[in-house]
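Novice: Show me how the following folds:
(one chain, ligands or ions: 1)
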Amino acid sequence: MNWRKLRIFILTVLALALIPATRYYQIDVPLLHFLKGSRAIDPLTLHLAGEFVENNLGTEQGADGSVTVRMIAQQYLFVPHCILVPAGVPVHLRITSADAVHSLAFNGTDYNVKVLPGTISEAQLRFSNPGDFKTVCREFCGAGHYAMRSELKVVPREQFPVLRAGERGNCAAQ
Ligand SMILES: [Cu+2]
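Specialist: Below is the predicted model:
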């Protein structure tokens, strides 16, 4: 084997090894569940029980004035379709995927959150000014990817509804 052939061989092996290395989160092995710890979640039972059941999705008010937003990304929509948050307060985002890899981005901001099935993605956000933001998926996730759009409404703090315990806000609550 001459050097040229050997070099091509080594580069090919390296390139092939890189594919699973960049897509490690799509490989379902028990070890990954262990490494993910408490953030592990079964994408097949999201709607049945636990944190991401339908009536727990949306905006939850915290005692300290901050809010927690829980969402599901799935082919090809975000649930809830329209998120309502107050301006100028910390927003804790918790999102997971029911199927493929998605990426939640708010147009006009720098926020871009990778969403993977089997794990909960967390992000700390803050929107200083009221406004409407288009929410888009920035990870190609299939045929309907380009239609995967929803909305985020940031309202002045005093316009954000006072929610009862257990109640979750979305744009319908405004
Ligand atoms: Cu997508």
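Novice: distance between the longest helix along the chain and the chain's centre?
Specialist: Secondary structure assigned by DSSP state H gives helix 3-22 as the longest helix of the chain. Chain-centre distance of helix 3-22: 33 Å, with CA atoms, centre = their mean, to the nearest Å.
Novice: What's the first helix or strand after the worst-scoring helix or strand of the chain on mean pLDDT?
Specialist: Each helix and strand of the chain was given a mean pLDDT (mean pLDDT, DSSP states H and E); the minimum falls on helix 30-36 at a mean of 64. Using DSSP states H and E, the helix or strand that follows helix 30-36 in sequence is strand 58-61.
Novice: Okay, buried residues for stretch 69-88 please.
Specialist: 69-80, 82-87 (16 or more other CB atoms under 10 Å). Every residue, glycine included, has its C-beta placed from N, CA and C.
Novice: Check whether that stretch comes into contact with the ion.
Specialist: No - counting by CB under 5 Å from the ion, the ion has no neighbours in stretch 69-88; the shortest distance is 6.7 Å.
Novice: That stretch: how far from the chain's middle?
Specialist: On CA atoms, centre = their mean, the centre of stretch 69-88 falls 9 Å from the chain's centre.
Novice: pLDDT averaged over that stretch - what is it?
Specialist: The pLDDT scores in stretch 69-88 average 95.
Novice: I'd say Leu104 and Thr135 touch.
Specialist: Yes - if you go by CB atoms under 8 Å, Leu104 and Thr135 touch, sitting 6.6 Å apart.
Novice: What is the subsequent helix or strand relative to the helix or strand hosting Phe133?
Specialist: Counting by DSSP H and E, the element that carries Phe133 is strand 131-137. For strand 131-137, the following helix or strand on the C-terminal side (DSSP H and E) is strand 149-155.
Novice: Can you give the strand pairings for that next one, parallel or anti for each?
Specialist: Strand partners for strand 149-155, identified by DSSP bridges, are recorded as strand 82-86 (parallel), strand 131-137 (antiparallel).
Novice: what domains does the record give for this protein?
Specialist: In terms of domains, the chain is parsed into 3-37, 43-173 (source: automatic domain parsing).
Novice: So which of these is the most surrounded?
Specialist: Highest mean neighbour count among the domains of the chain (mean count of other CB atoms under 10 Å): domain 43-173, with a mean of 17.
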